[in-house]
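Student: With the input below, show me the fold.
(one chain, ligands or ions: 1)
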Amino acid sequence: LTLATTIADRHFKTCLMNAAGVRCQSDRDLNALINSNAGAYVTKSATPAYRAGNPEPRMKMIPQGSFNSMGLPNNGLDYYLDFVLKDQAKRPDATNFLSIAGTSLADNLAMLHQIQDSAYNGFVELNLSCPNVPGHPQQGYDFDATKETLTAVFDFYTKPLGVKLPPYFDLAHFDQIAAVLNQFPLTFVTTINSVGNGLIVNYETETVAIKPKGGFGGLGGASVKPTALANVRALSQRLNPSIAVIGVGGIMSGRDAFEHILCGASMLQIGTQFGYEGTKIFDRVAHELDDIMALKGYASLDDFRGKLKTIN
Ligand SMILES: O=C(O)c1[nH]c(=O)[nH]c(=O)c1Cl
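Tutor: Numbers count the residues shown, from 1 in each chain. Next up is the predicted model:
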């Protein structure tokens, strides 16, 4: 059975990869991903320059999953662009993802000009949904700003690009964001980012769990799977077929992977659980998904992608 998948004209040997931000900040992290059975990797969202991020403690693993207000700590675009260019030279047939998250339109455009003018020919994941930069709302919730950004980007950027979206919780918002995205030659959308600005309380000490933003942070893991599946399904139903949907949110097993594909996902990103398990998760989840497909009589992902049935 094959877990292979294709986005645009790029072929991936398996549909499992990491989610941006998890174990992908250093070249040591990224080389571990290269040496794993992940079908691709995505780098930690980059800003133009090195960024220390929010004060610690800024991340907690909780029973329901993960909770973070990292604040975009990263080594700067040059570091990640250098890494992917070196990797591309070594493995020209592999397609990977470079994530960027400028804190202004100017920063995003400057980074994209630098990437456009470089020899990089992989995918860019433009992060419109970081919930943890104090004073900066998640751009994906501002439909006009999103349209303005994509208009400026596609004025010059010609390489394959997708956007990382925040979770939406209203059918009208699915309609509105899809109406904006369908105006642009996007290669993919990645949905969902963490569920923003939750609050974890320490009952014993009567204190918040993390330091930044008075304790508010993004939720990931098992508790967000229903929201993730809804966003994968709703966007798959609304976006032009030329825009692939990459599903992320609550994937811990082959079953979760199967459900994301059934809702329309072409590629799957694993964040929280990858943080727990490390790269062996790509073997475990692939094995479990393969077993499920064998049980159900599916030979490839195309046999069941997007085929979730409603009750008539
Ligand atoms: O605080 C972060 O670095 C962060 N944390 C998230 O949960 N999603 C993001 O997109 C980012 Cl950029």
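Student: Which stretches in the stretch 1-150 of the chain count as helices?
Tutor: Using DSSP state H, counting those that start in this stretch, the helices of the stretch 1-150 of the chain run over 27-34, 77-90, 105-116, 143-153.
Student: can you list those helices in JSON lines and add mean neighbour count, distance to the ligand and mean pLDDT?
Tutor: (Glycine included, C-beta is placed from N, CA and C.) Shown next, in JSON lines, are those (neighbours: other CB atoms under 10 Å; distance: least, CB to the nearest ligand atom, whole Å; pLDDT from 0 to 100):
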{"stretch": "helix 27-34", "mean neighbour count": "16", "distance to the ligand": "14", "mean pLDDT": "98"}
{"stretch": "helix 77-90", "mean neighbour count": "17", "distance to the ligand": "13", "mean pLDDT": "98"}
{"stretch": "helix 105-116", "mean neighbour count": "17", "distance to the ligand": "13", "mean pLDDT": "98"}
{"stretch": "helix 143-153", "mean neighbour count": "16", "distance to the ligand": "15", "mean pLDDT": "98"}
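Student: Around the ligand, which positions in this protein sit nearby?
Tutor: 21, 45, 68-72, 101, 127, 129-130, 132, 193-194, 218 (CB under 6 Å from any ligand atom).
Student: From those residues, pick the one nearest Gly39.
Tutor: Gly21 (18.1 Å; CB to CB).
Student: Pull the number of nearby residues for the nearest residue to Ala265 once chain neighbours are set aside.
Tutor: Among residues not flanking Ala265 along the chain, Gly247 sits closest, at 3.2 Å (CB to CB, 6 or more residues apart in numbering). As a burial measure, Gly247 scores 31 neighbours (other CB atoms under 10 Å).
Student: what about Gly247, is that helix, strand or coil?
Tutor: Three-state call for Gly247 (DSSP: H, G, I helix; E, B strand; the rest coil): strand.
Student: and stretch 301-312, what's its mean pLDDT?
Tutor: Averaged across stretch 301-312, pLDDT comes to 97.
Student: Give me the buried positions along the longest helix seen in the chain.
Tutor: Using DSSP state H, we find that the single longest helix of the chain is helix 281-296. By neighbour count with 16 or more other CB atoms under 10 Å, helix 281-296 contains the buried residues Ile281, Phe282, Arg284, Val285, Ala286, Glu288, Leu289, Asp290, Ile292, Met293.
Student: Alpha carbons only: can I get that helix in CSV?
Tutor: Output in CSV follows, covering the C-alpha atoms of helix 281-296 (Å, rounded to 0.1, in the frame of the first residue of the first chain):
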residue,chain,number,x,y,z
ILE,A,281,6.3,8.7,15.3
PHE,A,282,6.6,8.9,11.5
ASP,A,283,7.2,5.1,11.4
ARG,A,284,4.4,4.3,14.0
VAL,A,285,1.7,6.5,12.4
ALA,A,286,2.6,5.3,8.9
HIS,A,287,2.4,1.7,10.0
GLU,A,288,-1.0,2.3,11.8
LEU,A,289,-2.4,4.1,8.7
ASP,A,290,-1.2,1.3,6.4
ASP,A,291,-3.0,-1.2,8.6
ILE,A,292,-6.2,0.8,8.6
MET,A,293,-6.1,1.1,4.8
ALA,A,294,-5.5,-2.6,4.4
LEU,A,295,-8.4,-3.3,6.7
LYS,A,296,-10.7,-1.0,4.7
